[in-house]
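# give me a 3D structure for the following:
(one chain, ligands or ions: 1)
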Amino acid sequence: MAFSEYFELNKLTPRARPILKWAGGKAQLLPQLLPHFPKQFNRYFEPFLGAGAIYFALDAKCPAIINDANPELYELYLVLRDHPNKLTRLLDKYARKYSENFYYDLRASQPRSPISKAARFIFLNKTGFNGLYRLNSKGQFNVPFGKREKCPQLYDSENVKRVTERLKKSQIKNCDFEKVIQMAKKGDFVYCDPPYSPLSRTSSFNSYTAGGFSDAEQVRLKNACNEAAKRGVFVAVSNSSAPLILNIYGDWRVHFIKARRSINSKSHLRGPIHEILTTSWEMRPKNFNSLRSRLEVCHP
Ligand SMILES: C[S@@+](CC[C@H](N)C(=O)[O-])C[C@H]1O[C@@H](n2cnc3c(N)ncnc32)[C@H](O)[C@@H]1O
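Residues are numbered from 1 along each chain as shown. Next comes the predicted model:
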């Protein structure tokens, strides 16, 4: 039972939670998403990990292969797995230095050691504006200071222990999603949470990596998922309800998920929107087209 009893079991033995605040993070959507996932499978694959809300909700014993193209994120997970104490000691030091000047000094720095890089990443994520991750055209992190009066909690010691244990039982990768999806075999479960297709051309936030994620990338992802589904892999994909996505996943079951996006620099664009979860192994309901036409797509 990899996910199905999550809410009951989590009360008895809490599982790890994401360390970072991440655009598109799935923590708040767990109650809507988990019931749609397969009850049983062999290995769990997450090719677009981000902060890993779904991965961390997984049964601790389930073997997992996790991946993100963002090299800083990858290195952070390696440090959390191998050197959690050194990392938290450095974060304590940073918390004592908390100020706007310290934020910009650290942002401008280019540390070499993996532990300093990981501490910088967490500090900027927790104290920067709205938990955004944004790179400029030179690949430099350019999010402004979050202007909180006091330093927010940078980590929770118990959670770091759980995260370390979970990561020790996983393969951690830093490559393109296609390579990871190709590794999945019959009976495995692949959950994809790619950068979303924009609902309108001005609303796009999909620049977690310097290259962005184009329409052609969305089609390449669907092709890789189709190949996996043909091998007998369970594949589920989250995305926006943009017309492109409803079209390319037209042959899969589509579930509409009510979401509230909090990461947007403009507060009036932080309201509720519909996104989708699409699954390769279920039949589409006969009334899909009427469901689709009733969908209130919110175009910000
Ligand atoms: C929507 S976020 C995932 C959010 C995650 N589910 C969570 O709960 O935090 C998408 C992630 O895909 C990663 N990404 C972008 N392009 C990628 C690619 N070609 N291959 C693998 N990962 C990629 C980004 O770095 C980003 O972390």
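
# separation between Pro111 and the ligand?
According to C-beta to the nearest ligand atom, to the nearest Å, Pro111 stands 20 Å off from the ligand. (Glycine included, C-beta is placed from N, CA and C.)

# quick check: that residue touching Lys117?
Yes - assessed by C-beta atoms under 8 Å, Pro111 is found in contact with Lys117 at 5.1 Å.

# and the longest helix that the chain contains, what does it pack against?
Longest helix of the chain, by residue count under DSSP state H: helix 215-230. Applying 3 or more C-beta pairs under 8 Å, 6 or more residues apart in numbering; DSSP states H and E, one finds that helix 215-230 makes contact with helix 177-183, strand 189-192, strand 234-240, helix 243-248.

# for the ligand, which of those is the nearest?
helix 177-183 (3.8 Å; C-beta to the nearest ligand atom).

# other SSEs contacting that closest one?
Using 3+ C-beta pairs under 8 Å, 6+ apart: helix 177-183 touches strand 44-46, strand 64-67, strand 189-192, helix 215-230.

# how about those in JSON lines, adding mean neighbour count and mean pLDDT?
Formatted as JSON lines, the helices and strands packed on helix 177-183 follow (neighbours: other C-beta atoms under 10 Å; pLDDT from 0 to 100):
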{"stretch": "strand 44-46", "mean neighbour count": "25", "mean pLDDT": "97"}
{"stretch": "strand 64-67", "mean neighbour count": "22", "mean pLDDT": "98"}
{"stretch": "strand 189-192", "mean neighbour count": "24", "mean pLDDT": "98"}
{"stretch": "helix 215-230", "mean neighbour count": "17", "mean pLDDT": "97"}
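
# for these, which one sits closest to Phe102?
Nearest to Phe102 among these is strand 64-67 (31.4 Å), distances taken as C-beta to C-beta.

# list the pairing partners of the closest one within its sheet, with orientation.
Under the criterion DSSP bridges, strand 64-67 sits next to strand 44-46 (parallel), strand 170-173 (parallel) in its sheet.

# mind listing what's buried in the helix or strand following it?
Along the chain past strand 64-67, the next helix or strand (assigned with DSSP states H and E) turns out to be helix 71-82. By neighbour count on 16 or more other C-beta atoms under 10 Å, the buried set for helix 71-82 is 72-77, 79-81.

# tabulate those residues (a markdown table), appending pLDDT and distance to the ligand.
A markdown table is the format used below for the buried residues of helix 71-82 (pLDDT from 0 to 100; distance: C-beta to the nearest ligand atom, whole Å):
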| residue | pLDDT | distance to the ligand |
| --- | --- | --- |
| Glu72 | 94 | 9 |
| Leu73 | 96 | 6 |
| Tyr74 | 97 | 9 |
| Glu75 | 97 | 13 |
| Leu76 | 98 | 11 |
| Tyr77 | 98 | 11 |
| Val79 | 98 | 17 |
| Leu80 | 98 | 15 |
| Arg81 | 98 | 18 |
